[in-house]
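Take this sequence and fold it.
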Amino acid sequence: MKVTLNPDAEVVKTVKEGLKRTGGYCPCRLDRTPETKCMCQEFRDQIKDPSFEGFCHCLLYHKSL
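Residues are numbered from 1 along each chain as shown. Take a look at the predicted model:
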């Protein structure tokens with residue numbers, strides 16, 4: 001398993017700007033809870049799934065098998 005940043009530099013730049021603006025919370029989410037703080041709970045749960053391969057909700061991170 002390997003978690004990396006999205007290879008698309010423009011996506012990474014945009015999401016990081018959003019994270020800065022929201023204080024580290026997922027810029028794609030309306031709610032600001034511990035579960036939406038980057039790296040969000042949804043993606044941490046997906047990482048635990050040995051068969052999951054793909055991007056987090058905001059496309060910043062990618063998990064490969």
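
Now do the buried residues in the helix or strand harbouring G18.
Using DSSP states H and E, G18 falls within helix 9-22. Under the neighbour-count criterion of 16 or more other CB atoms under 10 Å, helix 9-22 has 15, 18-19, 22 buried. Yep, even glycine has a C-beta here, placed from its N, CA and C like the rest.

which residues touch the helix or strand just after that helix?
Scanning the chain past helix 9-22 towards its C-terminal end, the next helix or strand to appear is helix 41-48 (assignment: DSSP H and E). Helix 41-48 has contacts (CB atoms under 8 Å, 6 or more residues apart in numbering) with 1, 3, 34-35, 52, 54, 56-57, 61, 63.

Can you pick out the most distant pair from the residues you listed?
With distance counted by CB to CB, no two of these lie farther apart than M1 and P34, which are 23.8 Å apart.

Would you check that K16 makes contact with Y61?
No: counting by CB atoms under 8 Å, K16 sits too far from Y61 to count as a contact (11.7 Å).

Could you dump the contacts of helix 41-48 into TSV with secondary structure and distance to F43 added?
Rendered in TSV, the data for the contacts of helix 41-48 read as follows (DSSP: H, G, I helix; E, B strand; the rest coil; distance: CB to CB, whole Å):
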residue	secondary structure	distance to F43
M1	coil	13
V3	strand	9
P34	helix	14
E35	helix	10
F52	coil	9
G54	strand	10
C56	coil	4
H57	coil	7
Y61	strand	6
K63	strand	8
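
So which of the residues you listed sits lowest on pLDDT?
Taken together, the contacts of helix 41-48 show their lowest pLDDT at M1, with 88.

Near that residue, how many other residues are there?
10 (other CB atoms under 10 Å).

from the buried residues of helix 9-22, which is closest to A9?
Of all these, V15 has the smallest distance to A9: 10.9 Å, by CB to CB.

excluding its backbone neighbours, what's nearest the closest one?
With sequence-adjacent residues excluded and distances taken as CB to CB, 6 or more residues apart in numbering, V15 is closest to L60, at 4.4 Å.
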